[in-house]
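Participant: Requesting a structural model of the entry that follows:
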Amino acid sequence: MINTMTSYQLIAKDLPRSLARVSKEPLVQRDSDYYLKNIGKVKSIDDFMKNDRLYKYAMKAYGLEDMAYAKAFVRKVLTEGIEDPESFANKLTDTRYKEFATAFNFAKLGDKTTSQATVLQPLVDKYVRQTLEVETGQQNEGVRLALYFARKAPTITSPYQILGDKALLQVFQTTFNLPTQTSNLDIDRQAKLVEEKLDLDDLKDPAKLNKLLTRFTAMYEMKNPTTTTSIPSLLGGASTIGISASILATLQSFKLGGR
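Facilitator: Residues are numbered from 1 along each chain as shown. Sure, this is the predicted structure:
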């Protein structure tokens with residue numbers, strides 16, 4: 001089996017090709033065609049939520065597929081919208097709901113909501129990217145996490161965004177070999193820790209982001225081995241460990257602190 005680092009690099013190196021391949025999968029293509037042909041017929045929140053096929057497609061596009069069953073919750077998100085700072089979506093820690101309510105802003109746009117460009121091809125593109133990440137995760141969760149972090153990285157402007165997103169936090173903690181118990185620290189102390197380890201401006205630099213994710217995938221592989229190599233044991237004989245020589249070399253090339 002290909003290790004985490006190599007799998008991620010193969011996809012990331014030619015991401016448009018990977019996305020094009022996924023978009024042409026029969027089920028993805030069929031669901032995308034249905035969505036584009038029918039979303040314009042939706043004129044209200046009721047219309048939207050009654051059409052399970054459209055609703056679940058849109059939810060998956062925003063990474064909310066697992067919450068599609070919670071229709072009362074999602075209805076509250078959409079009904080209150082985003083204009084009021086105290087609205088339900090604005091108060092939720094998970095910013096995906098605000099993004100969803102921003103795209104499907106029935107509260108403000110009413111029956112014109114589904115004629116907005118953001119809920120047409122751009123949403124289909126989001127769906128395809130989500131599908132790629134989900135399919136990749138079925139083979140290797142580390143690669144899925146790396147792809148997700150790469151997608152979100154340009155929008156991260158605060159350490160609290162990392163702390164409030166379980167997937168982003170897992171990437172951060174794994175990259176810098178931090179125990180999960182650090183999540184029990186005071187939230188401001190955690191934020192300071194993120195700033196000490198990571199320059200958020202670097203996340204907007206493709207080369208620096210790639211270096212960070214190379215380190216993450218190497219560390220993830222070390223903790224969740226997909227390949228093995230035999231090395232001499234300190235106690236004599238051969239000992240098999242779950243990390244390849246190439247990954248060991250990569251880890252050794254990084255300076256402490258990840259900078």
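Participant: any idea which residue sits dead centre in this structure?
Facilitator: Geometric centre of the chain, nearest residue: Y148, 2.7 Å, by C-alpha atoms, centre = their mean.
Participant: now it, nearest residue through space, not along the chain?
Facilitator: Leaving aside its sequence neighbours, Y148 sits nearest to A167 (C-beta to C-beta, 6 or more residues apart in numbering; 5.3 Å). C-betas here are computed from N, CA, C, even on glycine.
Participant: What backbone torsions are found at the one you found?
Facilitator: The phi/psi pair for A167 (degrees, to the nearest 10) reads phi -70, psi -50.
Participant: Not counting its own residues, what contacts stretch 144-161?
Facilitator: For stretch 144-161, contacts defined as C-beta atoms under 8 Å, 6 or more residues apart in numbering pick out 4, 8, 11-12, 95, 129, 132-134, 136-137, 162, 165, 167-168, 170-171, 174, 187, 190-192, 194-195, 198, 200, 203-204, 209, 213, 216-217, 220.
Participant: got the CA positions of that stretch in CSV?
Facilitator: The C-alpha coordinates for stretch 144-161 follow below in CSV (Å, rounded to 0.1, in the frame of the first residue of the first chain):
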residue,chain,number,x,y,z
ARG,A,144,-8.3,13.2,3.5
LEU,A,145,-7.2,15.3,6.4
ALA,A,146,-4.3,16.8,4.4
LEU,A,147,-6.6,17.6,1.5
TYR,A,148,-9.1,19.2,3.8
PHE,A,149,-6.4,21.3,5.5
ALA,A,150,-5.1,22.4,2.1
ARG,A,151,-8.6,23.5,1.1
LYS,A,152,-9.2,25.4,4.2
ALA,A,153,-5.7,26.9,4.8
PRO,A,154,-6.1,30.1,2.7
THR,A,155,-9.1,31.1,4.7
ILE,A,156,-7.5,30.6,8.2
THR,A,157,-6.8,34.0,9.8
SER,A,158,-7.1,33.1,13.5
PRO,A,159,-5.8,30.3,15.7
TYR,A,160,-9.3,29.9,17.0
GLN,A,161,-10.4,28.6,13.6
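Participant: No further questions, thank you.
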